[in-house]
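K.L.:
generate a structure from the sequence data that follows.
(chains A and B)
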Amino acid sequence: MTAPTDRDLILRARRGASDAFGELVTRYQTSVFNVCYRMTNERREAEDLAQETFMRVYSRLDTFDIEREFGPWVRRAAANLCLNHLESQKVTAEFDEERDADESSQPEAAVETRERSEQIRAALASLPAQYRAVVELRHYQELSYDEIALELNIPLSDVKSHLFRARKLLAEKLK
Amino acid sequence: MNHLTDELLNEYLDNELADSTQVETHLAECADCVGRLAAFQALFTELDSLPEVTLSKSLAAPFTRGSSLPPAALPRSLRLTVTLQAALAIIAIVFAAPFVMEFVSPYIVAVQMPSFTEIFFQGQSQWLAWLDTISQFQTPTMPEIPVVEMSSLVIALTLAGISMLWLVGNGLLLRNQKN
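P.N.:
Numbering: from 1, shown residues only, chains lettered A, B, ... in the order given. The predicted model follows:
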């Protein structure tokens, strides 16, 4: 038996089968969580925001165009939610305790890769919220400049300048 | 030689330039700009290589069977379709009722009509009379066409139009019901 498509699950969810939406959550929770994690750099906060994203998407399922892909839609919703969250409170880059696991048993190369990833996450977390959002939408969700402008409801010139300045800051921090 | 700006290099790497020929021509003969482009590319590669992390818990728990969540709302277009179909059904009944009554009346002569039907039938008669008035207003240019046939044509076309809209509405609903 083949697995139901996203479209099937959405139609079932619209008819009241919340467990069908649960299946969609299972499919996309990791990618949505990673959007939130890149935006916040704090695991617990990212999990809460990812959960909140799915709750909001569920309540707005009637607005979803069934002919489009569900994954990109929910990830864009997550990026927007994180942006609003970051702008609503002064978030400072926090140290994530869960990332500070015992590294003594890991190969040196793996530790280096991990450390570099942490540096990149820290650099992303140090950016202003709007910069983080455009980097997320451009690099990780591969939206065009026009699509980013539409998604964040900002002028195209702002998308270009935010992206350019964000990259400049990231390049300085990751030297 | 004027070097390419960082903004231009960013747009070039993002494939956002309508015409990249000039940039490529410049890059072919400018080592300085190629170096700056490589630096941006390295940053892009680093950002893109950021690994995904795993979740420590499932987020699907609130959506399991029997959860207290309210059902997700149907799309507005579907709700409107249902409303429109109900309105079309009423209009179709208004148009078709006199003909149906005319067809079945010989068979139900002995049956006493309920008072509601009488009222409804009178309403339809008035409605047809009004339509005839409209037809008479339109017919002067075509006096050879009997008024009663004009009226029937209008009604038949209206019923056909309503049927088509009804079928389209059903198609929309079935499309969204398909599992």
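K.L.:
and the residue nearest the centre of chain B?
P.N.:
A centroid search over chain B (CA atoms, centre = their mean) returns B:Ser77, at 5.8 Å, as the residue closest to the centre.
K.L.:
mind telling me what element it is part of?
P.N.:
Assessed by DSSP states H and E, B:Ser77 sits inside helix B:76-104.
K.L.:
okay, now the domains of chain B?
P.N.:
Domain ranges of chain B: B:6-48, B:76-177, per automatic domain parsing.
K.L.:
now the shortest one: how far from the chain's centre is it?
P.N.:
In terms of CA atoms, centre = their mean, to the nearest Å, the gap separating the centre of domain B:6-48 from the centre of its chain is 43 Å.
K.L.:
show me the shaky parts of chain B.
P.N.:
Along chain B, segments meeting pLDDT under 70 span B:1, B:65-75, B:108-114, B:137-152, B:175-179.
K.L.:
where along it do the helices fall?
P.N.:
B:6-13, B:21-27, B:31-48, B:76-104, B:115-138, B:147-177 (DSSP state H).
K.L.:
in CSV: these, plus distance to A:Glu112.
P.N.:
For the C-beta atoms, the positions are set from N, CA and C on the backbone; glycine is no exception. Supplementary listing: these in CSV, determined by distance: least, CB to CB, whole Å:
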stretch, distance to A:Glu112
helix B:6-13, 26
helix B:21-27, 32
helix B:31-48, 13
helix B:76-104, 53
helix B:115-138, 84
helix B:147-177, 52
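K.L.:
deepest in the core, which of those helices is it.
P.N.:
helix B:6-13 (a mean of 17; mean count of other CB atoms under 10 Å in any protein chain shown).
K.L.:
for A:Ile154, give me phi and psi.
P.N.:
For A:Ile154, the backbone dihedrals are phi -130, psi 160 (criterion: degrees, to the nearest 10).
K.L.:
now do the domain split for chain A, please.
P.N.:
By the record's domain assignment, chain A is partitioned as A:1-91, A:107-175 (automatic domain parsing).
K.L.:
columns mean neighbour count on top of the ones you listed, output as CSV?
P.N.:
Putting these into CSV (neighbours: other CB atoms under 10 Å in any protein chain shown) gives the following:
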stretch, mean neighbour count
domain A:1-91, 18
domain A:107-175, 17
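K.L.:
nearest to chain B, of these?
P.N.:
Proximity to chain B, assessed across the domains of chain A by CB to the nearest CB, is greatest for domain A:1-91 (3.4 Å).
K.L.:
check whether the closest one contacts chain B.
P.N.:
Yes: against chain B, domain A:1-91 shows contacts by CB under 8 Å from any CB of the partner chain at A:8, A:11-19, A:21-23, A:25-26, A:29-34, A:37-38, A:43, A:47, A:50-51, A:54-55, A:58-59, A:61-64, A:66.
K.L.:
how far is that domain from where the chain is centred?
P.N.:
Taking CA atoms, centre = their mean, the mean C-alpha location of domain A:1-91 is offset from the chain mean by 10 Å.
K.L.:
average pLDDT for it?
P.N.:
Mean pLDDT, taken over the full extent of domain A:1-91, equals 90.
K.L.:
which element is A:Pro4 on?
P.N.:
Assigned by DSSP H and E, A:Pro4 belongs to neither a helix nor a strand.
K.L.:
could I get the phi/psi values of it?
P.N.:
When quoted as degrees, to the nearest 10, the phi and psi of A:Pro4 stand at phi -60, psi 150.
K.L.:
got a list of what it touches?
P.N.:
Taking CB atoms under 8 Å, 6 or more residues apart in numbering or on different chains as the contact definition, A:Pro4 lies against A:12, A:20, A:23.
K.L.:
can you put these in TSV and add secondary structure?
P.N.:
Formatted as TSV, the contacts of A:Pro4 follow (DSSP: H, G, I helix; E, B strand; the rest coil):
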residue	secondary structure
A:Arg12	helix
A:Ala20	helix
A:Glu23	helix
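K.L.:
against chain A, how distant is B:Asp14?
P.N.:
B:Asp14 sits 7 Å away from chain A, taking CB to the nearest CB, to the nearest Å as the criterion.
K.L.:
any idea how far that residue is from B:Gly123?
P.N.:
Plainly put, B:Asp14 is 67 Å away from B:Gly123 if you go by CB to CB, to the nearest Å.
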